[in-house]
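In: Show me how the following folds:
(one chain, ligands or ions: 1)
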Amino acid sequence: MLSLKNKVAIVTGAGSVGAGWGNGKATATLLARQGAKVFAIDKNEAAARETVEIITGEGGTAVAHVCDVTSSEQVKAAVQACVDAFGGLDILVNNVGGSVPGGVVDMPEEVWDAQIASNLNSVYLLCKHALPHLRQRPGSAIVNTASVAALRIMQGRTHSAYSASKYGVIALSRSIAIENAKLGVRCNTVIPGLMLTPVVEHRLVAQLGAENAADLIAARDKQVPMGKAGDAWDIAHAVLFLVSDEARHITATELLVDGGYAAAAP
Ligand SMILES: NC(=O)c1ccc[n+]([C@@H]2O[C@H](COP(=O)([O-])OP(=O)(O)OC[C@H]3O[C@@H](n4cnc5c(N)ncnc54)[C@H](O)[C@@H]3O)[C@@H](O)[C@H]2O)c1
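Out: Predicted coordinates:
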């Protein structure tokens, strides 16, 4: 079940912004545990290396590659470096992304542009350069990462660019799925809800004006019908299923990993 033996996988944002497990780091590690050779992309070299050391320390195969996924040139070179290193490409996981709060009146145009670049343009660029290789491999698959912020807008604290870009990821994934349905490449989206990853302590405490990480974690847990935020492994397992051969008839769809958050009334 869920074997990725002989498959090659690119994971973007395969590092983590702090100690612990980010979604990309857990996904890269889990795909390697299932047998994939992992090409771990991150703009932070130390973060990518740490993930690769974990994978190789467990006996898996991985290569770290520094790349800013908002740069077409760097993305093109990264995909080629993966194919050169491992002989092809079967799996692409677009995980890079992040939120900046703000409505459209107050948000500076450069913040809007940067949000669209890292959350949406990066997915376009990776898919653009990876698809010609993915089409050459039977059973290949893409998983893109959206956010529940695309589906539910918090009253009193909007994330206009983040919500727009993540909804864009869902539509782009469906478009890519249909365009490639007869070409042998599946494409789906994972939609994380409130997840407890290093981002909470390293960025969200300051960004959301919380007293401390413990208070913010408790406040986030309270909003989840299952009583607790998920973690990076919940995302990794969803990605693993969607890229596996067991999901061979699943394309152009979304998998919510949110403990019931999106379905609940306030
Ligand atoms: N953590 C959550 O609660 C949550 C909720 C919903 C959606 N998500 C989504 O999950 C994904 C990953 O979240 P996370 O919290 O694990 O991320 P993270 O902030 O820990 O980021 C993972 C890695 O991405 C790298 N990165 C950032 N920008 C990059 C760029 N331009 N090029 C290359 N690498 C870059 C960082 O260096 C970092 O190592 C994001 O798309 C995020 O929007 C997270």
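
In: Can you list the buried residues in stretch 30-47?
Out: 30-34, 36-43, 47 (16 or more other Cβ atoms under 10 Å). Heads up, the C-betas are built off the backbone N, CA and C, glycines and all.

In: so of those residues, which ones are in helices?
Out: L30, L31, A32, R33, A47 (DSSP state H).

In: May I ask which two of the residues you listed are separated the most?
Out: R33 and A47 (19.2 Å; Cβ to Cβ).

In: Now this protein against the ligand: closest residue?
Out: With Cβ to the nearest ligand atom as the measure, G97 is the residue of the chain nearest to the ligand, at 2.4 Å.

In: who touches the residue nearest to that residue when sequence neighbours are not counted in this structure?
Out: Leaving out its chain neighbours, the residue that sits closest to G97 by Cβ to Cβ, 6 or more residues apart in numbering is N119, at 4.5 Å. By Cβ atoms under 8 Å, 6 or more residues apart in numbering, N119 lies in contact with V96, G97, G98, A161, Y162, S165, K166, G168, V169.

In: Please apply the same query to A32.
Out: Counting by Cβ under 8 Å, 6+ apart, A32 has contacts V38, I55, E58, G60, T61, A62.

In: mind listing what the residue lying closest to it once chain neighbours are set aside touches?
Out: Counting by Cβ to Cβ, 6+ apart, A32 lies nearest to G60, which is 3.6 Å off, once chain neighbours are set aside. Residues near G60 by Cβ under 8 Å, 6+ apart: T29, A32, R33, V38.

In: Report the two of these separated the most.
Out: Across these (Cβ to Cβ), the longest gap, 9.9 Å, separates R33 and V38.

In: now the strands for the stretch 151-266 of the chain?
Out: Per DSSP state E, counting those that start in this stretch, the stretch 151-266 of the chain carries strands over the ranges 185-192, 195-196, 230-231, 254-257.

In: Pipe those into TSV and attach mean neighbour count, distance to S147 and mean pLDDT per row.
Out: Below are the strands of the stretch 151-266 of the chain laid out as TSV (neighbours: other Cβ atoms under 10 Å; distance: least, Cβ to Cβ, whole Å; pLDDT from 0 to 100):
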stretch	mean neighbour count	distance to S147	mean pLDDT
strand 185-192	26	6	99
strand 195-196	22	9	96
strand 230-231	18	13	98
strand 254-257	18	10	98
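
In: any chance of the ones you listed in JSON lines, plus distance to A177?
Out: Converted to JSON lines, these look like this (distance: least, Cβ to Cβ, whole Å):
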{"stretch": "strand 185-192", "distance to A177": "4"}
{"stretch": "strand 195-196", "distance to A177": "24"}
{"stretch": "strand 230-231", "distance to A177": "25"}
{"stretch": "strand 254-257", "distance to A177": "11"}
